[in-house]
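In: the sequence isn't on hand, but the structure is:
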């Protein structure tokens, strides 16, 4: 068999439907569009999700609500009861927890939680330690060190603004620079001249 002798299987290929070629073609007159209406017009029709005006299915289904915080930090929790799997005398660090199989990955920061008891003095150096876990560790004679510093109230407070919307820090730097140069801060203009060019003095009598 040669390449030019290849043929597709019988029935796998169909001729294109040629519309509007007379009634004898089987698709003449209306061309398969039916009688009049929006769908029979050239360029007419409705979108697939249209349901005749009733509430469509996409709006009847429940959907996700709420808020997603893009700044949220997700920690890998580790309870105090799991620290017993570490070798005796070894410090509690992200690397040691990963080597012992307590955490699967170091991609996320680790937080020690207070579920469980501490039987020995531990040196804990992880990203976060809960208040309850810290109390138990220190009561057993251990020490706690957080690898990620916590933000204080002053860091979370919004920056105050001063005159003309400048941040307080920027305004303070501007005042210091002016004082070093020996110049006086520019005072705001409070007097306005009249239309006739007078500056507060009595105009000459006509």
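Out: Structure received. Worth saying up front: this structure is predicted, and the values here are computed from it rather than measured.
In: secondary structure class for the most centrally placed residue in the chain?
Out: For the chain, the residue nearest the mean C-alpha position is residue 70 (3.2 Å; CA atoms, centre = their mean). When classified by DSSP: H, G, I helix; E, B strand; the rest coil, residue 70 comes out as coil.
In: and if you look at residue 111?
Out: Of the three states, residue 111 takes strand according to three-state DSSP.
In: quick one, what contacts it?
Out: Going by CB atoms under 8 Å, 6 or more residues apart in numbering, residue 111 touches 75, 76, 77, 78, 126, 127, 128, 129, 130. (Each C-beta comes from the backbone N, C-alpha and C, glycine too.)
In: what's the pLDDT at the residue nearest to the centre of the chain?
Out: The predicted structure scores residue 70 at 91 on the pLDDT scale.
In: can you list phi and psi of it for me?
Out: Main-chain dihedrals, residue 70, degrees, to the nearest 10: phi -70, psi -10.
In: one step back: can you redo the contacts of residue 111 as CSV with distance to residue 155?
Out: Putting the contacts of residue 111 into CSV (distance: CB to CB, whole Å) gives the following:
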residue, distance to residue 155
75, 20
76, 25
77, 25
78, 27
126, 21
127, 18
128, 17
129, 20
130, 21
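In: and of these, the nearest to residue 151?
Out: Using CB to CB, the shortest approach to residue 151 within the contacts of residue 111 belongs to residue 128, at 12.5 Å.
In: wait, isn't the closest one in contact with residue 75?
Out: Yes - Residue 128 is in contact with residue 75 according to CB atoms under 8 Å; the separation is 6.0 Å.
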